[in-house]
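Peer 1: what follows is a predicted protein model with its sequence.
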Amino acid sequence: MNHGGLVVWLKAWADQVNAEKDYISDLDNAIGDGDHGFNMSKGLTAYLDARALKPAETISDEFKLLGMTMLSKVGGASGPLFGSAFLSMSKDTTGIDELFVEDVVKLLSNALEAIQKRGKATVGEKTMIDVWHPAIELLKKNELTIEAIDGLVDATIPMMATKGRAAYLGERSIGHIDPGSYSSGLMLKHLLSVL
């Protein structure tokens, strides 16, 4: 994936989040504040607007622009978590103009560490980690598919949330898709299309 492919990936993700912002917020309404879709849409739209005014020239700068925009424009936990992830990717791609699958595995792994450092979550707590972690493991084995990503997102349904706003619901959080996992799943699906 070169810089052009990266832009295709991120724009496609932004477009889909914008198209599904109501649905994503409905998911969040069941177990959270009900604003995840709108917040993600706001941040990704701000990113698209920023790059339309001044396009980034490198892969690293593209990730930095997205990360900084998510940090400054997205409320709740999502801004700091996704922002930290993309800033980690920016740091890891300094001076790099093409990414291969093994590079993407490293990027995602380090981004996951940044998310976990920021959010203090681990696997099984009904957060975006429950999609990121197993998706990276599947990508390492070249087994990550659209169907696999859907399965990872759906696997959050029977989980009980123990982190974030959803944790206040306890057992009532069971039976719902984690919205951060859903938006992460969309991101990973569009990544697959450019790898």
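Peer 2: Everything's here; your move. Residues are numbered from 1 along each chain as shown.

Peer 1: for this structure, what spans make up the helices?
Peer 2: Taking DSSP state H as the criterion, the chain carries its helices at 3-19, 21-31, 36-53, 59-73, 78-92, 101-119, 129-140, 146-154, 179-192.

Peer 1: mean neighbour count and distance to K163 added to these, as a markdown table?
Peer 2: Placement of C-beta: from N, CA and C, glycine included. Converted to a markdown table, the helices of the chain look like this (neighbours: other CB atoms under 10 Å; distance: least, CB to CB, whole Å):
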| stretch | mean neighbour count | distance to K163 |
| --- | --- | --- |
| helix 3-19 | 18 | 22 |
| helix 21-31 | 19 | 11 |
| helix 36-53 | 20 | 14 |
| helix 59-73 | 21 | 19 |
| helix 78-92 | 22 | 11 |
| helix 101-119 | 17 | 7 |
| helix 129-140 | 20 | 9 |
| helix 146-154 | 16 | 17 |
| helix 179-192 | 24 | 10 |
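
Peer 1: out of those, nearest to Y168?
Peer 2: helix 21-31 (9.1 Å; CB to CB).

Peer 1: what sits up against that closest one?
Peer 2: Identification of contacts with helix 21-31 by CB atoms under 8 Å, 6 or more residues apart in numbering yields 17, 34-38, 40-41, 161, 165-166, 169, 172-173, 176-179, 182-183.

Peer 1: figure out how far the worst-scoring helix or strand of the chain on mean pLDDT is from the centre of its chain.
Peer 2: Counting by mean pLDDT, DSSP states H and E, the chain has its least confident helix or strand at helix 21-31, which shows a mean of 94. Averaging C-alpha positions (CA atoms, centre = their mean, to the nearest Å) puts helix 21-31 16 Å from its chain's average.

Peer 1: residue furthest from the geometric center of this protein?
Peer 2: Distance from the centre of the chain peaks at E171, with 25.2 Å (CA atoms, centre = their mean).

Peer 1: count of residues packed around the closest residue in space to it that isn't next to it in sequence?
Peer 2: Of all residues not flanking E171 in the chain, M160 sits nearest, at 5.9 Å (CB to CB, 6 or more residues apart in numbering). M160: 16 surrounding residues under other CB atoms under 10 Å.

Peer 1: pLDDT wise, what is M160 at?
Peer 2: pLDDT for M160: 91.

Peer 1: do the same with K120
Peer 2: On pLDDT, K120 comes in at 90.

Peer 1: show the contacting residues for it.
Peer 2: K120 neighbours (CB under 8 Å, 6+ apart): K163.
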